[in-house]
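# return a 3D structure for these sequence lines:
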Amino acid sequence: MQHAAGYEKHSKLSLLSQNTTEKRNPLYKIKISLITLICFILTACTTVPITGRQQLNLIPDSSMLSMSLQEYDKFLDQNKLSKDQEKVNMVRGAGIRIQRAVEMYLTQNKNREGYDTKYKSA
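The predicted model follows:
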């Protein structure tokens, strides 16, 4: 009986040392890294509401919107608005046509909530 207990103790120690050795193995670290990366990618994939396509979303939409508005304001602060009325009208007209097309598309697909447009010519 004592021999069996000693064997059991020895097998537990060998399992512990095997686990420790396995964790030092570079392939073990690569496997863990790949599994972690795959889990991250699978949880970060989302469906785009407008088009229905799949995308990898590393930055939340709320953060992206906030950052884009900050950069837009910084751009306007650093650049003078154009005084060439012909170019201003051209940009404004193109912006209005794009805005109408997007609004029409979103209205047809019942997905217009939460979208806002803003454009200026610099």
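# whichever strand or helix holds Val102: which residues count as buried?
According to DSSP states H and E, Val102 maps onto helix 85-108. The neighbour-count check on helix 85-108 (16 or more other C-beta atoms under 10 Å) flags Leu106 as buried. In short, each C-beta sits where N, CA and C put it, glycine included.
# so who does Ile59 touch?
Met67 (C-beta atoms under 8 Å, 6 or more residues apart in numbering).
# Three-state assignment for it, please.
coil (DSSP: H, G, I helix; E, B strand; the rest coil).
# return the distance of it relative to Met67.
Computed as C-beta to C-beta, to the nearest Å, the Ile59 to Met67 distance reads 8 Å.
# in this protein, which spans are strands?
Per DSSP state E, the chain carries strands over the ranges 45-47, 54-56.
# quick check: buried residues in the last one?
Meaning strand 54-56. Per 16+ other C-beta under 10 Å, strand 54-56 contains no buried residues.
# ok, Thr46 - how many residues close by?
Neighbourhood size, Thr46 [other C-beta atoms under 10 Å]: 12.
# got it, and Asn79?
Neighbours around Asn79, by other C-beta under 10 Å: 10.
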